[in-house]
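Participant: Okay, here's the prediction I keep looking at, along with the sequence it came from:
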Amino acid sequence: MLTTHLLGFPRIGARRELKFAQEAFWRNELDEAGLAAVGRDLRLRHWSWQREAGLSLVAAGDFSYYDHVLDTAVLLGGLPARFGFAPDRLDRRQYFELARGNAGQPALEMTKWFDTNYHYLKPEFDADSRFDGGPDWLFDEINEALLAGFQVKPQLVGPLTLLRLARVQGIEPLALVARLLPAYRRVLQRLTALGVAWVQLDEPILGLDLEPEWLAAFAPVYRELAVAGPRILLATYFSGVAERAALLRELPVAAIHLDAVRAPEQVEPLLGNWPLDRVLSLGVVDGRNIWKTNLDTVLDVLEPVKRRLGQRLWLAPSCSLLHVPVDLEQEDGLEAGLRDGLAFARQKLSELAILARALELGRSVSFQALEQQRQARARFAHLPGRQRADVAARLAAAPDAGRSAPYPVRYAAQRARLDLPLLPTTTIGSFPQTTAIRAARGAWQRGDLAEADYLAAMRAEIALAVERQEALGLDMLVHGEAERNDMVEYFSSQLDGFAATRHGWVQSYGSRCVKPPLIWGDVARPQPMTVAWSRYAQSLTDKPMKGMLTGPITLVQWSFVRDDLPRAVVARQIALALRDEVADLDRAGIAAIQIDEPAFREGLPLRRADWPAYLEWAVAAFRLASGCADPATQIHTHMCYSEFEDILPAIAALDADVITIETARSDMTLLDAFAEFAYPNEIGPGVYDIHSPRVPDGAEMQRLLEKALTVIPAERLWVNPDCGLKTRGWSETEAALANMVAAAKRLRSRLAESRQQDKQSVSA
Ligand SMILES: CN1c2c(nc(N)[nH]c2=O)NC[C@@H]1CNc1ccc(C(=O)N[C@@H](CCC(=O)N[C@@H](CCC(=O)N[C@@H](CCC(=O)O)C(=O)O)C(=O)O)C(=O)O)cc1
Ligand SMILES: N[C@@H](CCS)C(=O)O
Ligand SMILES: [Zn+2]
């Protein structure tokens with residue numbers, strides 16, 4: 001039978017067992033043995049599922065107690081010296097300190113894994129980095145699999161991807177190759193000694209725009225690695241590598257994996273000259289989405305490839321299944337027609353098995369399985385609500401224009417309406433999502449708390465948040481988002497065309513998970529979503545209350561999006577629904593409305609050549625959502641993960657009146673780019689990092705603001721944290737915001753004084 005395998009399985013567990021074990025361990029309620037037992041159970045369960053589905057090889061090294069990029073660095077012994085840990089004697093608590101920081105050291109920086117909503121930890125390397133080996137955790141896991149009778153294919157982040165993703169200081173990253181390679185070789189030799197036949201090295205950077213020196217590094221690196229160890233499967237994913245055909249041919253690896261879902265067009269050109277001794281692993285089942293595979297179409301592609309390659313064709317999902325929920329079996333709340341369209345990680349394993357059997361023995365032998373899949377997909381395709389004439393008609397008639405007045409006119413109207421001081425202070429939207437809030441929501445969802453009581457509890461939380469903000473002296477308030485489980489899921493539960501799962505959790509980072517909604521049908525807003533909450537919050541204060549919406553790009557990016565329509569069209573449908581909400585908030589007298597777009601940057605395609613098309617529709621969607629606001633209504637947007645120096649023209653084209661961005665961790669350096677580009681509207685650069693419980697002092701924030709004032713005129717500068725405060729506790733939140741408000745006030749009076757002096761010297 002054809003070889004079937006996978007590039008990784010979700011590690012959190014179908015019921016987030018890993019999350020609960022991690023958090024219990026961090027609270028000292030579970031010991032190391034208890035945590036290890038949960039990990040072992042999860043691995044054995046996932047390996048059993050892979051074997052039951054008929055996969056030839058099961059994945060190892062995909063499990064992680066926090067992050068797999070950190071794990072590869074740890075395995076090699078490449079730890080930052082600042083922690084003072086001995087790599088080969090690293091224990092589990094120290095491992096978590098690398099990931100989460102400790103009293104003396106901040107954590108490794110966390111950043112987005114390519115264009116996904118998964119965050120990895122950036123290894124830190126420098127001129128003194130040594131890679132003399134770390135703990136034996138991976139080898140122990142392999143032994144565990146072998147003892148349980150599984151044929152295992154371990155996986156590691158490949159050396160060039162590891163270097164490219166790391167923070168490397170004081171030395172050219174590629175200069176570290178010579179030190180890294182012996183470490184990788186030692187690992188490969190140990191795998192051989194364990195009897196491992198295949199190892200997977202992930203090199204997804206091959207699908208990025210790479211400088212010539214990085215491309216040139218691949219052949220020598222893999223020549224060195226091919227000699228000593230198991231056969232290497234080099235895995236690429238998330239984008240195509242066809243233009244690197246010559247380089248790939250040269251690599252002395254035994255197998256290459258291609259993502260045939262994201263980049264199906266690469267298969268034919270690469271196949272043209274495929275070396276006779278090499279395996280081609282084709283990723284034909286989508287690892288980034290949850291729709292059932294169209295097996296007929298995939299077989300049409302695979303049959304000729306199988307005729308050419310025979311057993312040298314392997315089948316796999318397109319990338320690791322880390323990005324999809326674990327098991328559809330436990331979703332008992334979904335309507336039948338929708339369920340018919342879905343395959344989660346476990347179901348994707350079965351799809352691979354059907355494909356392999358149909359390829360090997362012919363479609364007629366697999367007739368029943370193929371027919372079942374066909375019928376289920378057809379039922380889903382014809383579900384009422386998939387195509388709506390009213391949505392299509394509205395979309396066709398949608399305006400293209402943005403706001404009705406240019407920014408300078410709006411600026412004057414908004415200042416007159418809002419009566420804000422210079423350097424106005426605000427926050428990004430969420431306040432602590434306390435255990436009490438989540439428990440109340442849990443009880444309401446289980447039917448243990450009446451809806452009226454749940455709503456009253458949330459209103460009380462909002463009143464508390466307003467009271468605390470007034471006491472702190474903030475200038476523009478927020479309602480705190482207590483009523484929202486998640487900024488995406490909350491809107492999805494109120495929009496037609498979206499569906500929520502009950503257990504469809506996907507790891508976002510560490511123990512934090514999200515439940516991405518499914519966008520399965522045409523999107524429309526049946527009724528206002530946030531207006532009552534905003535109106536209530538505004539009724540509690542004389543200060544302006546920001547309305548709070550999640551933007552169209554973020555709703556698309558953090559959901560599982562239907563694959564029968566371009567994302568641009570789905571984003572436009574969502575934008576129209578949000579436009580109605582903006583209009584309703586405007587009518588309700590809400591004077592400022594924030595439309596969050598934290599995923600705007602993440603949505604950028606991996607290759608620069610594809611950027612303009614994305615930016616065009618993404619900007620248009622935001623302008624469609626926000627454009628109907630009255631000129632005197634202030635539109636805010638917020639973006640964290642702010643590596644957007646390259647896309648400032650697009651950010652300016654959004655034409656939000658105010659943008660709040662994450663800048664504290666980078667010491668405001670991003671603002672130089674805003675200044676250089678002469679960004680025209682108002683900016684709130686984050687003055688403190690919300691990712692840690694540490695309370696920054698006022699002087700630190702004042703210094704950052706002074707730095708900001710050197711490039712942004714005071715009239716256009718806002719004062720706010722980097723991002724929302726939902727993961728923080730109230731005590732640290734209040735302390736940090738008090739310092740922030742005090743810093744803003746000090747600077748405000750200093751500015752007023754110096755302006756007074758300037759006036760006096762002019763009149764003298
Ligand atoms: C801003 N970020 C977000 C991203 N993606 C999103 N979709 N949303 C985001 O906010 N991406 C980038 C960043 C950083 N990422 C995250 C991701 C996740 C969290 C986080 O805190 N997640 C929570 C789960 C949040 C949630 O949905 N809560 C629900 C359900 C809570 C729950 O677990 N309930 C229990 C029952 C509780 C009880 O009965 O007592 C249960 O279902 O078993 C809610 O509030 O209702 C997490 O815990 O992982 C943060 C940043
Ligand atoms: N309004 C959201 C934005 C997060 S990116 C919040 O404050 O949590
Ligand atoms: Zn944010």
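Facilitator: Right, received. Where do you want to start? Ligands and ions are numbered 1, 2, ... in the order given.

Participant: Which residues are in contact with the residue most central in space within the chain?
Facilitator: When CA atoms, centre = their mean is applied to the chain, the residue found nearest the centroid is Asn117 (1.3 Å). If a contact means CB atoms under 8 Å, 6 or more residues apart in numbering, then Asn117 has 323, 506, 508, 514, 516, 557-558, 599, 602 as its contacts. (Each C-beta comes from the backbone N, C-alpha and C, glycine too.)

Participant: Kindly recompute the last result at 7 Å.
Facilitator: Contacts for Asn117 (CB atoms under 7 Å, 6 or more residues apart in numbering) come out as 508, 514, 558.

Participant: Tell me which residue of the chain lies closest to ligand 2.
Facilitator: Distances between the chain and ligand 2 by CB to the nearest ligand atom are smallest at Gly724, namely 2.0 Å.

Participant: Can you classify that residue by secondary structure?
Facilitator: When classified by DSSP: H, G, I helix; E, B strand; the rest coil, Gly724 comes out as coil.

Participant: Now for the nearest residue to it once chain neighbours are set aside, how many residues are close by?
Facilitator: Beyond its immediate neighbours in the sequence, the residue positioned closest to Gly724 (CB to CB, 6 or more residues apart in numbering) is Ser430, lying 3.5 Å away. Counted with other CB atoms under 10 Å, the burial measure for Ser430 works out to 23 neighbours.

Participant: From ligand 1, how far off is Ser430?
Facilitator: Distance, Ser430 to ligand 1, by CB to the nearest ligand atom, to the nearest Å: 8 Å.

Participant: show me where the stretch 201-350 of the chain has helices.
Facilitator: With DSSP state H, counting those that start in this stretch as the definition, the stretch 201-350 of the chain shows helices at residue ranges 212-226, 245-250, 267-271, 295-309, 336-339, 345-361.

Participant: do the same with the stretch 651-764 of the chain
Facilitator: For the stretch 651-764 of the chain, the helices defined by DSSP H, counting those that start in this stretch cover 670-677, 698-709, 730-763.

Participant: would you turn those helices into TSV with mean neighbour count?
Facilitator: Rendered in TSV, the data for the helices of the stretch 651-764 of the chain read as follows (neighbours: other CB atoms under 10 Å):
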stretch	mean neighbour count
helix 670-677	17
helix 698-709	18
helix 730-763	15
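
Participant: Check the gap between the closest residue to Gln373 other than its chain neighbours and Phe560 for me.
Facilitator: Sequence neighbours aside, Leu295 is the residue nearest to Gln373 in space, at 5.2 Å (criterion: CB to CB, 6+ apart). Taking CB to CB, to the nearest Å as the criterion, Leu295 is separated from Phe560 by 19 Å.

Participant: now swap in Met110 and tell me
Facilitator: In terms of CB to CB, Met110 sits 23 Å off from Phe560.

Participant: When the two are compared, which one has more neighbours?
Facilitator: Under the neighbour definition other CB under 10 Å, Met110 and Phe560 were set side by side, and Phe560 has more, 24 against 18.

Participant: Model confidence score at that one, please.
Facilitator: In this model, Phe560 is scored at 98, pLDDT.

Participant: which residues touch it?
Facilitator: Applying CB under 7 Å, 6+ apart to Phe560 gives the contacts 289-290, 516, 518-519.

Participant: same deal with Asp296?
Facilitator: With contact taken as CB under 7 Å, 6+ apart, Asp296 is in contact with 370, 374.

Participant: Give me the nearest residue to Gln94, chain neighbours excluded.
Facilitator: Nearest residue to Gln94, sequence neighbours excluded (CB to CB, 6+ apart): Phe85, at 4.9 Å.

Participant: Looks to me like that neighbour is in a helix.
Facilitator: No: applying three-state DSSP, one finds Phe85 to be coil, outside a helix.

Participant: what's the spacing between it and ligand 1?
Facilitator: Shown here: Phe85 relative to ligand 1, a distance of 27 Å by CB to the nearest ligand atom.

Participant: Check whether that residue really touches Arg93, as I assumed.
Facilitator: No: no contact is recorded between Phe85 and Arg93 when judged using CB atoms under 7 Å, the distance being 10.2 Å.

Participant: Run a quick check on Asn200 versus Ala235, I expect a contact.
Facilitator: One correction, residue 200 is Gln, not Asn. Yes: under the criterion of CB under 7 Å, Gln200 is in contact with Ala235, at a separation of 5.4 Å.

Participant: if I look at those two, which residues touch both of them?
Facilitator: When CB under 7 Å, 6+ apart defines a contact, the residues bordering Gln200 and Ala235 alike are Leu7.

Participant: hang on, the earlier thing: quick one: secondary structure of the residue nearest to the centre of the chain?
Facilitator: coil.

Participant: Any figure for the gap between it and ligand 3?
Facilitator: 13 Å (CB to the ion, to the nearest Å).

Participant: what does Gly78 give?
Facilitator: Counting by CB to the ion, the separation of Gly78 from ligand 3 is 30 Å.

Participant: Could you do Ala416 as well?
Facilitator: Separation of Ala416 from ligand 3 (CB to the ion): 29 Å.

Participant: Now that residue: closest residue in space, sequence neighbours ignored.
Facilitator: Looking at Ala416 with CB to CB, 6+ apart, the closest residue is Ala632, at 7.4 Å.

Participant: ok, that neighbour - contacts?
Facilitator: Taking CB under 7 Å, 6+ apart as the test, what Ala632 contacts is 413-414, 417.

Participant: cool, Ala183 as well?
Facilitator: 76-77, 131, 133.

Participant: Among the residues you listed, which ones are in strands?
Facilitator: Secondary structure of the contacts of Ala183 is defined by DSSP state E; no position falls in strands.
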